[in-house]
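Colleague: Next one to model:
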Amino acid sequence: MRPKLVVPQTSEDVASLVGAVALAILAVIIVTTLYVGREIFVPVALAILLSFVLASPVSVLQRVRVPRVVAVVGVVLFAFAIIFALGSLIATQLNRLAGDLPRYQTTIQSKIQSVRGITGGSSTLERAAGMLQDLGKELDKPKAGSPDKPVAPPLANPLGARPVTPVPVEVLQPDPGALESLRSVIAPLVSPLATTGIIVIFVIFILIQREDLRNRLIRLAGSHDLQRTTAALDDAAGRLSRLFLNQLLVNAGFGLLIGAGLWLIGTPSAVLWGILAAVLRFVPYIGSVIAAAFPLALAVAVDPGWSMLASTAVLFVVVEPAVGQVIEPMVYGRSTGLSPVAVVVSATFWTALWGPIGLVLATPLTVCLVVLGRHVERLAFLDVMFGDRPALSPAEIFYQRMLAGDPTEATEKAEEFLKERSLSSYYDEVAIKGLQLAQADLDRDALDQSRLVKIRDTVLEFVNDLSGQTDQEPTGERPTSDAETAAAVEAAAAEPVYADLPILQRDELPIEWKGDSPVLCIAGRTELDEAAAIIFAQLCNVHGLRARVAGPEALSTNNIFRLETEGVALVCLSYLNTANPAQIRYAVRRLRRKLPRALIMVGLWSGTDTAEGAVTTIDNSKADM
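Modeller: Below you'll find the model as predicted:
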């Protein structure tokens, strides 16, 4: 059977295919360029990040009437003086530590012997290792007369001749000249000094030409809306500057605490480990673990006992959670705006491209991309891919789970929402909006009858899962992260509050409302209307009004007179689509003839201008009813 070639049928398919291929080619070109040109891009990336950190001090100096060039050059030189001082301090500490390492060999050997004595002599692994070493020595022995190592013939030694004594030969190198010695000293320093010089020049250039670079970026991003783009980029630059500066201060404080604690414990080279802890804390998740591994290993080698090891472990276990869970939320929020998956993926990507320096730069670089994605429309896919905002809104998640026939995940999301808001708020802000998305798909003929039935049945099961919930505002704490707090405040300001809705008891109701089902909810046209009616019926039951639901077939001429209406005091007609107000009016007339004394309420859940027009039409036709 010959394979079939799939050919795009429409111009939209062709355009999508061409766009996907072009995007893949562009991604390959960008990644290749970043890898091949890492010697150039690494200094540029470091310069951009340093410019974000140093932008705030430069602005402070400019506010006190210091010229921009003087402020930029002064701040940059001061910052690099601190960096060079820290570098020289690290080199000194490393040299001292290297000189002291031989003294720790005896301590390590004694601890190994003590551990071996506790475990009762050589273990199975040690015996296996010894056996493998013996086999290795046996295999390394040369075979007599083998082709690669033939047996050398004995030297001719005539009878009575004295044995020949080999003459030792010593090869001496000529003394290098002064120029050669100077070159051997300077050669290892050329590359770091050149990289540092490039970074200094780029930082100064970026800080001096900040406005010009911003304008060029606006031109690239799109100049059709200068006000919006300018405000977005200014806001993004300010946020990034504060974020990186605060992160630098927090990590420096973390390193200072670790260094001081290790000094008090007595760990050698405490300054070195403090600086290393501050630098490695820029690496997400594993940075603090790596920073703790070195002092812990040194504590094992230095202290004959185990107290230094225990104290060092306690220091990191106490300081890291305190900084991460208490200080960071107070300074710049609980999150950097990246999803956990994005942090891991970015760390892997940048480390593969640029090595260890890429691991340190991974989070700051990805934060820059996410902030640009949030403010520049053409780069919005970066925020979707790497940002910590949900990829789907709560209403979209609800609709997607209903389509998939999975009420379990929807129930879990609803229970998380109900920890902060009421049940009425959830139904109004999430469930009904999710059904409105389904109605939009139905209006464009994207849903068939089987899917409508599946959505209706899943909503029924979902509502049954929430049957034990109450409709009250929780009194617990609100979310603490910046994103969650802002979302909660915005939702609370935009949506009505339902905390004052009464919970009725049966003995408090009038006589006509005490039947088995005083509220009858009827779907207007489709199964989506019936799903909305199911939700409204549950809210009535929660508030003490017993309700039941009838499908859209109940409104037909043949079925409406067979409808069970005994004890019904209120009829609620449920509509998600109000495109035909006449149909609503006719349904109300039929119900009025069937239930002349009952209240008839029309639930128009679309919340659009069409719904308002339908209400006006119904109000104007009351005389005919």
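Colleague: make it CA atoms for all contacts and neighbour counts henceforth
Modeller: OK.
Colleague: Counting residues, which helix of this structure comes out longest?
Modeller: Selection of the longest helix in the chain by residue count, based on DSSP state H, yields helix 226-265.
Colleague: Mind giving me the packing neighbours of it?
Modeller: The contact analysis (3 or more C-alpha pairs under 8 Å, 6 or more residues apart in numbering; DSSP states H and E) places helix 226-265 against helix 38-63, helix 210-221, helix 270-280, helix 307-322, helix 328-332, helix 356-375.
Colleague: quick one: low-confidence parts of the stretch 1-150 of the chain?
Modeller: The stretch 1-150 of the chain contains residues with pLDDT under 70 at 1-16, 105-109, 111-150.
Colleague: how many neighbours does the closest residue to Leu315 other than its chain neighbours have?
Modeller: Nearest residue to Leu315 in three dimensions, chain neighbours excluded: Gly261, at 6.9 Å (C-alpha to C-alpha, 6 or more residues apart in numbering). Gly261 has 19 neighbours, counted by other C-alpha atoms under 10 Å.
Colleague: Distance of Gly261 relative to Thr267?
Modeller: Between Gly261 and Thr267 the distance is 9 Å, computed by C-alpha to C-alpha, to the nearest Å.
Colleague: sorry, back to before: most tightly surrounded among the helices and strands packed on helix 226-265?
Modeller: Most buried of those, by mean neighbour count (mean count of other C-alpha atoms under 10 Å): helix 270-280, with a mean of 23.
Colleague: That helix to helix 226-265, inter-axis angle?
Modeller: Per axes from the mean of the first three to the mean of the last three C-alpha atoms, to 10 degrees, the angle that helix 270-280 makes with helix 226-265 is 150 degrees.
Colleague: Please work out the angle formed by the directions of whichever helix or strand comes after helix 270-280 and helix 226-265.
Modeller: Downstream of helix 270-280, the next assigned helix or strand under DSSP states H and E is helix 287-302. With the same axes, to 10 degrees as the basis, helix 287-302 and helix 226-265 are set at 10 degrees to each other.
Colleague: immediately after the lowest-mean-pLDDT helix or strand in the chain, which helix or strand?
Modeller: Within the chain, no helix or strand scores below helix 482-494, which has a mean of 46 by mean pLDDT, DSSP states H and E. Next along the chain after helix 482-494, taking DSSP H and E as the criterion, comes strand 519-523.
Colleague: Can you name every helix or strand that the following helix or strand past that next one contacts?
Modeller: The helix or strand immediately downstream of strand 519-523 is helix 527-542, counting by DSSP H and E. Packing partners of helix 527-542 (3+ C-alpha pairs under 8 Å, 6+ apart): helix 432-443, helix 449-465, strand 519-523, strand 547-550, strand 570-575.
Colleague: relative to strand 519-523, how tilted is helix 527-542?
Modeller: With the same axes, to 10 degrees defining the directions, helix 527-542 sits at 170 degrees from strand 519-523.
Colleague: which residues are contacting helix 527-542?
Modeller: 424, 427, 432, 435, 438-439, 452-453, 455-456, 459-460, 463, 467, 469-471, 503, 519, 521-524, 546-552, 572-576, 605 (C-alpha atoms under 8 Å, 6 or more residues apart in numbering).
Colleague: repeat for stretch 37-48
Modeller: 34, 195-196, 198-200, 202-203, 206, 353-354, 361, 365.
Colleague: Apply 7 Å and report the result again.
Modeller: For stretch 37-48, contacts defined as C-alpha atoms under 7 Å, 6 or more residues apart in numbering pick out 34, 195, 198-199, 202-203, 354.
Colleague: Which of those ranks first by neighbour count?
Modeller: Going by other C-alpha under 10 Å, Val203 tops the contacts of stretch 37-48 with 26 neighbours.
Colleague: still on that earlier bit, which one of the helices and strands packed on helix 226-265 has the poorest average confidence?
Modeller: Looking at the helices and strands packed on helix 226-265, the lowest mean pLDDT belongs to helix 328-332 (a mean of 68).
Colleague: low-confidence ranges in the stretch 201-350 of the chain?
Modeller: For the stretch 201-350 of the chain, the stretches with pLDDT under 70 are 220-233, 235-236, 239, 284-285, 329, 331-337.
Colleague: I misspoke; the intended subject was the stretch 451-600 of the chain.
Modeller: The low-confidence ranges in the stretch 451-600 of the chain, as defined by pLDDT under 70, are 474-512, 514-515, 578-579.
Colleague: Now with 90, please.
Modeller: 451-453, 455, 459, 463-533, 535-600 (pLDDT under 90).
Colleague: Run a quick neighbour tally on Glu553.
Modeller: 16.
Colleague: and if you look at Asn559?
Modeller: 10.
Colleague: State the distance from it to Arg103.
Modeller: 97 Å.
Colleague: quick one: contacts for Leu545?
Modeller: Going by C-alpha under 7 Å, 6+ apart, Leu545 touches Val519.
Colleague: Quick one: classify it as helix, strand or coil.
Modeller: Three-state call for Leu545 (DSSP: H, G, I helix; E, B strand; the rest coil): coil.
Colleague: Buried residues in the helix or strand hosting Ala91, which are they?
Modeller: Here Ala91, judged by DSSP H and E, is contained in helix 68-100. Neighbour-count burial for helix 68-100, with 16 or more other C-alpha atoms under 10 Å as criterion, is recorded at 68, 71-73, 75-76, 90, 93.
Colleague: same question, stretch 338-358
Modeller: Those would be 338-339, 342-343, 346-347, 349-351, 353-354, 358, for stretch 338-358 by 16+ other C-alpha under 10 Å.
Colleague: Now for those: which two are most distant?
Modeller: Ser339 and Trp354 (22.0 Å; C-alpha to C-alpha).
Colleague: Out of the helices and strands packed on helix 527-542, which gets nearest to Phe386?
Modeller: Nearest to Phe386 among those is helix 432-443 (25.0 Å), distances taken as C-alpha to C-alpha.
Colleague: Which other helices and strands does the closest one contact?
Modeller: For helix 432-443, the packing partners by 3 or more C-alpha pairs under 7 Å, 6 or more residues apart in numbering; DSSP states H and E come out as helix 394-404.
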